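Asks: What follows is a predicted structure for the sequence shown.
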Amino acid sequence: MSGVESPRGIELAVRTGYALPLGSLVANTSLDAVATGVFPVWFDAGYRFPHVFLGAYAQYGWGFMAQGPAAGSTYIANGGIPVTASKCGSLGQTCSGFDVKYGLEVQYHFASERRFDPWVGYGIGMETLNVNAHGNAFSRSDFPQTSSTISFTAWSPAVVQIGVDYKLAHLGVGPFVMLDVSRFLSVSLSDSAVSSTETIRNGAAHEWLTLGLRGYFDIGFGQR
């Protein structure tokens, strides 16, 4: 297996793939009752030593949201928001959403001097899941348009990553698998009549399992 220069310097990376929801939004409500998946664009930026990367990450993910009553009053009530408030899908509106993450991470690369470089990573950070409901109540054109936004904020104490890079000079690409474990701490509701934020009383762990592809670029100088 031919060798390449071991990187040292600023490293930038971008990832994409598909994130599967696991676990619970809150107690007694699974995460996939609200979001069936996320299409993420994930950015890494930091400093790469030959075997260690230290940096930060940020993600914006387009959500595939559950539609209909399953995405309605149950999780709002458990989160502490009154069930009389507007709810995603429960009145026949269309649901959309996005998932934002950011935090710090470290990666260890086992073969930085080789073409194929397996690596593992660990991160911590925060997550915000936004759920938007919009449209005519009960899907009836003679009813007024309604719009509401529900935002769930979570702490992510464990973002576990594993992957392998195929390296070409200062560029590389390869598959990765990531599991981030989080717990929603608070929920905010905003619509034309209500704006409130509550601590989630019945919290539970949830996970996102992401399968995807990562590409990176090293800005700096190499070291054999």
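Replies: Nice, thanks for sending it over.
Asks: Which residues outside stretch 155-168 are in contact with it?
Replies: Residues from elsewhere that reach stretch 155-168 (C-beta atoms under 8 Å, 6 or more residues apart in numbering): 4, 57, 101, 103, 105, 107, 109, 114-127, 172-183, 185, 214, 216. Any C-beta I mention is one placed from the backbone N, CA and C, and that applies to glycine too.
Asks: so residue 175 touches residue 215, yeah?
Replies: No - using C-beta atoms under 8 Å, residue 175 is not in contact with residue 215, being 10.9 Å away.
Asks: Among the contacts of stretch 155-168, name the ones in strands.
Replies: Among the contacts of stretch 155-168, the ones falling in strands (DSSP state E) are 57, 101, 103, 105, 107, 109, 116-127, 172-183, 185, 214, 216.
Asks: Could you give me the ChimeraX syntax to select whichever of those are buried?
Replies: Applying 16 or more other C-beta atoms under 10 Å to the ones in strands among the contacts of stretch 155-168, the buried members can be selected in ChimeraX as follows:
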select :57,101,103,105,107,109,117,119,121,123,125,127,172,174,176,178,179,180,181,182,183,214,216
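Asks: Count the residues that sit near the closest residue to residue 202 other than its chain neighbours.
Replies: Spatially, and ignoring its direct neighbours in sequence, residue 202 is nearest to residue 27 (3.7 Å; C-beta to C-beta, 6 or more residues apart in numbering). Applying other C-beta atoms under 10 Å, we find 13 residues neighbouring residue 27.
Asks: likewise residue 195?
Replies: Using other C-beta under 10 Å, residue 195 has 10 neighbouring residues.
Asks: Quick check: bridge partners of it?
Replies: Beta-bridge partners of residue 195, counted by DSSP bridges, are residue 190.
Asks: Can we start the residue count at 11 from this point?
Replies: Yep, numbering from 11; the last one is residue 205 now.
Asks: in stretch 163-173, what's buried?
Replies: Applying a neighbour-count criterion of 16+ other C-beta under 10 Å, one finds 163-164, 166, 169, 171, 173 buried in stretch 163-173.
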